[in-house]
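Trainee: Take a look and give me a structure for this.
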Amino acid sequence: MSGGESIREILAREAAGGEATVRGWIRTARHSKGVSFLEVADGSCFAGLQVVVDPALENYEAELRPLGTGCAVAAMGELVDSPGKGQRFELRARRVEVVGTVDPDYPLQKKRHSFEFLRTLAHLRPRTNTIGAVLRVRNAASRAIHAFFQERGFIHLHSPIITASDAEGAGDMFRVSTLDPSNPPRDGEGRVDFGRDFFGREAYLTVSGQLEAEIAALALSRVYTFGPTFRAENSNTSRHLAEFWMVEPEMAFCDLAGDMDLAEAFLKQVFRSVLEQCPDDMAFFNQRIDDSVIATLTHVIETPFERITYGEAVEILERSGESFEFPVKWGADLQSEHERYLTEQHIRRPVIVTDYPAAIKAFYMYLNDDERTVRAMDVLVPKVGEIVGGSQREHRLDVLRRRMRDCGLPEERYGWYLDLRRYGSAPHAGFGLGFERVVQFMTGMANIRDVIPFPRVPGYVDF
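Mentor: I've put the predicted structure just below:
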């Protein structure tokens with residue numbers, strides 16, 4: 001049963017004629033006295049292939065007539081032009097093999113199911129039109145990301161998943177330990193003795209691969225990471241996950257301007273590639289999920305990004321006359337409602353906001369001469385707000401030490417990071433992008449839990 005064409009390949013044939021074999025799962029089955037029509041999908045593309053089954057087939061009454069949604073089949077026959085609307089070819093079956101039947105309680109029947117319900121069926125929901133389309137878009141976006149960086153000479157770095165450092169300084173980290181939680185070893189002061197743990201110290205799941213990417217960039221010039229990251233943040237929202245994938249490029253001999261140029265080119269190429277590679281899936285999202293997704297992506301691709309400073313953004317928001325839920329003032333971080341106002345109503349195109357107050361940004365960002373702001377940047381897009389966050393890194397040893405002291409970070413925990421500034425330091429910059437946020441933006445899906453195969457959120461770690 002191995003080998004053969006996918007439905008995607010069969011539908012791409014120049015003309016009907018010749019033999020074809022389709023293997024997949026039945027979406028719908030229509031049985032009449034004179035013929036049966038089976039719509040079979042194999043996940044290779046959005047469309048299925050209609051299989052026309054003649055009752056004269058030897059196993060028709062015993063095996064084929066009872067077939068319904070979800071059954072796995074292999075059908076062999078002649079590919080012919082379809083007289084029906086909306087389909088180019090159909091398969092006139094000479095033989096149909098039943099590979100796998102379904103029990104009567106199969107939960108995915110031919111009707112609309114809520115996304116909340118489908119989350120309880122993560123082992124079956126990829127068979128639905130929506131989640132299947134999401135997974136193909138994820139795949140196309142992943143390919144586009146790797147292609148973008150590889151074409152520009154970046155080296156793919158596999159950063160560690162287990163780490164001892166909190167790159168973000170937020171403290172929302174999952175602990176990794178082999179100690180017995182019911183009876184951990186104690187030190188002389190009664191505290192848990194992590195010196196007797198597996199790694200001889202406290203360890204966590206990573207929140208970012210950035211610090212390790214800086215190590216590699218200061219040897220290989222251009223690198224990027226693309227891997228899982230974790231946040232132990234108790235956020236039950238439509239935009240947060242406890243486990244998600246991050247894309248993080250890092251470039252030596254690069255400043256904030258170069259960082260912004262790369263981020264803009266990156267988003268444009270990824271969106272363009274997905275529209276080109278997944279036209280049917282994107283048409284589905286545009287028709288059934290959000291009728292503006294294709295227009296929004298096209299707008300981002302074709303429009304130069306506006307660039308303004310944080311100070312300019314605050315002035316625009318203060319003059320807007322809008323009644324925001326979160327008050328606007330210099331020194332406060334921009335909220336999603338502020339970001340969306342800037343990109344949707346005031347500037348009406350993607351915006352890159354730069355030079356944020358140092359007090360609300362991470363210790364590793366380059367301190368500007370005003371001693372109040374850092375060379376940070378956030379890329380804002382319509383309907384979402386921030387989609388990329390990055391900065392020029394602080395490469396000056398004395399300034400970095402001062403910033404760490406101001407943030408209450410002990411130097412001994414970041415000795416290796418300081419070494420990078422002592423041994424051949426150079427200006428460098430990079431950014432981070434949450435992969436699921438990008439997939440959510442491209443597809444118009446309302447909840448981020450529906451754009452990752454197996455969501456991890458507070459209280460839920462099934463499948």
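Trainee: quick check: mean pLDDT across stretch 174-194?
Mentor: For stretch 174-194, mean pLDDT is 95.
Trainee: CA atoms only for it - export them in CSV, please.
Mentor: What follows is stretch 174-194, C-alpha atoms only, in CSV (Å, rounded to 0.1, in the frame of the first residue of the first chain):
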residue,chain,number,x,y,z
PHE,A,174,8.6,25.9,34.7
ARG,A,175,11.0,24.2,37.1
VAL,A,176,12.8,21.1,35.9
SER,A,177,13.6,18.8,38.8
THR,A,178,14.1,15.1,39.7
LEU,A,179,13.8,15.7,43.5
ASP,A,180,11.0,13.9,45.4
PRO,A,181,8.4,16.7,45.8
SER,A,182,6.9,15.0,48.9
ASN,A,183,10.3,14.8,50.6
PRO,A,184,13.0,17.0,49.0
PRO,A,185,16.4,17.2,50.6
ARG,A,186,16.9,20.3,52.8
ASP,A,187,20.0,22.4,53.6
GLY,A,188,21.0,23.6,57.0
GLU,A,189,18.5,26.4,56.9
GLY,A,190,15.6,24.2,56.0
ARG,A,191,15.4,25.3,52.3
VAL,A,192,15.2,22.8,49.4
ASP,A,193,18.7,21.8,48.6
PHE,A,194,18.8,22.1,44.8
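Trainee: Can you verify residue 223 is assigned to a strand?
Mentor: Yes. Secondary structure of residue 223 (DSSP: H, G, I helix; E, B strand; the rest coil): part of a strand.
Trainee: ok, it touching residue 216?
Mentor: Yes. If you go by CB atoms under 8 Å, residue 223 and residue 216 touch, sitting 4.3 Å apart. Where C-beta positions appear, they are placed from N, C-alpha and C, glycine not excepted.
Trainee: what about these two, which has more around it?
Mentor: residue 223 (26 against 21; other CB atoms under 10 Å).
Trainee: List the contacts of that one.
Mentor: 154, 155, 156, 157, 213, 216, 217, 249, 250 (CB atoms under 8 Å, 6 or more residues apart in numbering).
Trainee: among the residues you listed, who's most crowded?
Mentor: residue 250 (31 neighbours).
Trainee: Just say helix, strand or coil for that residue.
Mentor: Relying on three-state DSSP, one would call residue 250 strand.
Trainee: quick one: it and residue 211 touch, right?
Mentor: No. Assessed by CB under 8 Å, residue 250 is found out of contact with residue 211, at 9.6 Å.
Trainee: burial measure for the closest residue to residue 28 other than its chain neighbours, as a count.
Mentor: Distances taken as CB to CB, 6 or more residues apart in numbering put residue 39 closest to residue 28, at 4.7 Å, once the chain neighbours are dropped. The tally of other residues near residue 39 (other CB under 10 Å) stands at 20.
Trainee: mind checking the SS state of residue 39?
Mentor: strand.
Trainee: mind checking how far it is from residue 279?
Mentor: Applying CB to CB, to the nearest Å, the value for residue 39 to residue 279 is 20 Å.
Trainee: where do the helices sit along the stretch 101-250 of the chain?
Mentor: Secondary structure of the stretch 101-250 of the chain (DSSP state H, counting those that start in this stretch): helices at 115-119, 129-151, 210-220.
Trainee: Let me know which of these is tucked in deepest.
Mentor: Stretch with highest mean neighbour count among the helices of the stretch 101-250 of the chain: helix 210-220 (a mean of 21; mean count of other CB atoms under 10 Å).
Trainee: got the CA positions of that one in CSV?
Mentor: Provided in CSV are the C-alpha atoms of helix 210-220 (Å, rounded to 0.1, in the frame of the first residue of the first chain):
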residue,chain,number,x,y,z
GLN,A,210,17.9,34.6,22.6
LEU,A,211,20.9,34.5,25.0
GLU,A,212,22.3,31.4,23.4
ALA,A,213,21.7,32.9,20.0
GLU,A,214,23.9,35.8,21.0
ILE,A,215,26.7,33.4,21.8
ALA,A,216,26.5,31.8,18.4
ALA,A,217,26.0,35.2,16.5
LEU,A,218,29.2,36.5,18.1
ALA,A,219,31.0,33.6,16.4
LEU,A,220,29.0,32.8,13.3
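Trainee: from the chain's centre, how far out does that helix sit?
Mentor: 23 Å (CA atoms, centre = their mean, to the nearest Å).
Trainee: elements contacting that helix?
Mentor: Under the contact definition 3 or more CB pairs under 8 Å, 6 or more residues apart in numbering; DSSP states H and E, helix 210-220 sits against strand 222-230, strand 243-252, helix 415-422, strand 428-434.
Trainee: What backbone torsions are found at the residue nearest to residue 16 when sequence neighbours are not counted?
Mentor: Of all residues not flanking residue 16 in the chain, residue 81 sits nearest, at 4.6 Å (CB to CB, 6+ apart). Main-chain dihedrals, residue 81, degrees, to the nearest 10: phi -70, psi 140.
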